[in-house]
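Engineer: coords below, sequence missing:
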């Protein structure tokens, strides 16, 4: 089986952070989103499994990171890359024509192979083992990973026939058809993979570039041709990184599921802190991820906080917050915030802030 992951797009819902880095490289609970995905995939796929990443926006950053991270995993995966070209400019950012077109670029890689296709902005809290087992035991031509959601209008959804096969698929429907939302991954058999990719290629050629091309119409066409798709209802929670609020929630859940102990103060941490961190006169309320060379003084940090490498926290109170690398925060009191890399903040009391990379907020102290 081969693995395909489209990560070419912008991820505009995560502005301002995606201006300087692709969404897949945003850190959460101590590591980029795509690193979490690769670790989970290594739990269920054998060594040397071929993985194709479809890159586009900030492609060099993505490729360099993925190659280096795979090396840190002793080259567990056999990586390949294809590039999706932009079709124009939307504001100051390139525009891409959608996941359907991205997947079409992997025809040579995936045709006549079983293909596991996953999306990096959806991350299961466990892994995709149960989906893989469903596929292996199924007689269908493909299996979609789904969950019941309260807001199906924000997802692709599946409608089932009386035999339990998928009869209709809708992409972000404007009225209710089903609450079974496709979540994170699907698998197609080698018997249909060449047809799947050929139809995607034809769609890309036949529609103007201003359209966003989904893979849902192709799945629907295959269904009309008699192809059978089943669903796998995943019971474990799937983290969705498609918005700022969901990103913060995902950080909380990943930290809560980690091995970090519940509560420790600075004295208890001082003898066992990893990664050259220094903590003085501060309280750490776990779970908290602390990166390399972090300095924390006269502060309260946690719960549910991730601090990037080389970050300095002074006289601050942080909770439910993600902080990037090399940021300096002094007299900051915040909850439910995301702060990027190389950010300087002084004398700010405000919740739910989103501060992009290389930003500076320096307010005068109240006398």
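Structural biologist: Alright, I've got the coordinates. Since we're looking at a predicted model, the values are computed, not measured.
Engineer: For the closest residue to residue 215 other than its chain neighbours, what is the enclosing helix or strand?
Structural biologist: The shortest distance from residue 215 to any non-neighbouring residue, by CB to CB, 6 or more residues apart in numbering, is to residue 100 (4.5 Å). Any C-beta I mention is one placed from the backbone N, CA and C, and that applies to glycine too. Following DSSP states H and E, one finds residue 100 within helix 99-104.
Engineer: for this protein, what's the longest strand?
Structural biologist: strand 328-339 (DSSP state E).
Engineer: What is that strand packed up against?
Structural biologist: Contact analysis of strand 328-339 by 3 or more CB pairs under 8 Å, 6 or more residues apart in numbering; DSSP states H and E lists helix 244-256, strand 312-314, strand 317-323, strand 344-349, strand 354-355 as its packing neighbours.
Engineer: That one - what's its average pLDDT?
Structural biologist: Throughout strand 328-339, pLDDT has a mean value of 96.
Engineer: now stretch 15-25
Structural biologist: 84.
Engineer: Enumerate the positions of it that are buried.
Structural biologist: For stretch 15-25, the neighbour count (16 or more other CB atoms under 10 Å) marks 17, 18, 20, 21, 22, 23, 24, 25 as buried.
Engineer: residues making contact with it?
Structural biologist: The list of residues contacting stretch 15-25 from outside it, by CB atoms under 8 Å, 6 or more residues apart in numbering, reads 7, 9-12, 14, 26, 32-34, 57-58, 61-62, 65, 92-93, 120-121, 241, 338, 340-341, 354-358.
Engineer: could you redo the last one with a cut-off of 7 Å?
Structural biologist: With contact meaning CB atoms under 7 Å, 6 or more residues apart in numbering, stretch 15-25 is reached by 7, 10-11, 14, 26, 32-34, 57-58, 61-62, 65, 120-121, 338, 340, 354, 356-357.
Engineer: what's the answer for stretch 314-327, then?
Structural biologist: 27-28, 248, 251-252, 297-311, 329-343, 357.
Engineer: Just the buried ones from those?
Structural biologist: 27-28, 248, 251-252, 297, 299-311, 329-343, 357.
Engineer: any idea how far the residue nearest the centre of the chain lies from residue 37?
Structural biologist: In the chain, the centroid-proximal residue (CA atoms, centre = their mean) is residue 121; its distance is 2.8 Å. From residue 121 across to residue 37, the span is 10 Å (CB to CB, to the nearest Å).
Engineer: just residue 231 next, same as before
Structural biologist: 21 Å.
Engineer: just to revisit the earlier point, for the helix holding residue 100, packing partners?
Structural biologist: If contacts are counted by 3 or more CB pairs under 7 Å, 6 or more residues apart in numbering; DSSP states H and E, helix 99-104 sits against strand 2-6, helix 190-206.
Engineer: do you know which of these lies nearest residue 173?
Structural biologist: helix 190-206 (19.5 Å; CB to CB).
Engineer: Averaging pLDDT per element, find the lowest-scoring helix or strand in the protein.
Structural biologist: For the chain, counting by mean pLDDT, DSSP states H and E, strand 263-265 ranks last in confidence among helices and strands (a mean of 48).
Engineer: before we move on, the earlier item: buried deepest among the helices and strands packed on strand 328-339, which one?
Structural biologist: Mean neighbour count (mean count of other CB atoms under 10 Å) peaks for strand 317-323 among those, with a mean of 24.
Engineer: Direction included, what does that strand pair up with?
Structural biologist: As defined by DSSP bridges, the strand partners of strand 317-323 come to strand 300-301 (parallel), strand 305-307 (parallel), strand 328-339 (parallel).
Engineer: Take the ones you listed and lay them out in CSV including distance to residue 156.
Structural biologist: Shown next, in CSV, are those (distance: least, CB to CB, whole Å):
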stretch, distance to residue 156
strand 300-301, 39
strand 305-307, 30
strand 328-339, 26
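Engineer: Of all those, which one comes closest to residue 86?
Structural biologist: Across those, the minimum distance to residue 86, taken as CB to CB, is reached by strand 328-339, at 25.8 Å.
Engineer: Between helix 244-256 and that closest one, find me the angle.
Structural biologist: Going by axes from the mean of the first three to the mean of the last three CA atoms, to 10 degrees, strand 328-339 is angled at 110 degrees with respect to helix 244-256.
Engineer: Please state the offset of strand 328-339 from the chain centre?
Structural biologist: With CA atoms, centre = their mean, to the nearest Å as the basis, strand 328-339 stands 23 Å off its chain's centre.
Engineer: ok, now stretch 102-122?
Structural biologist: Worked out by CA atoms, centre = their mean, stretch 102-122 lies 17 Å from the chain centre.
Engineer: cool, stretch 140-150 as well?
Structural biologist: Worked out by CA atoms, centre = their mean, stretch 140-150 lies 18 Å from the chain centre.
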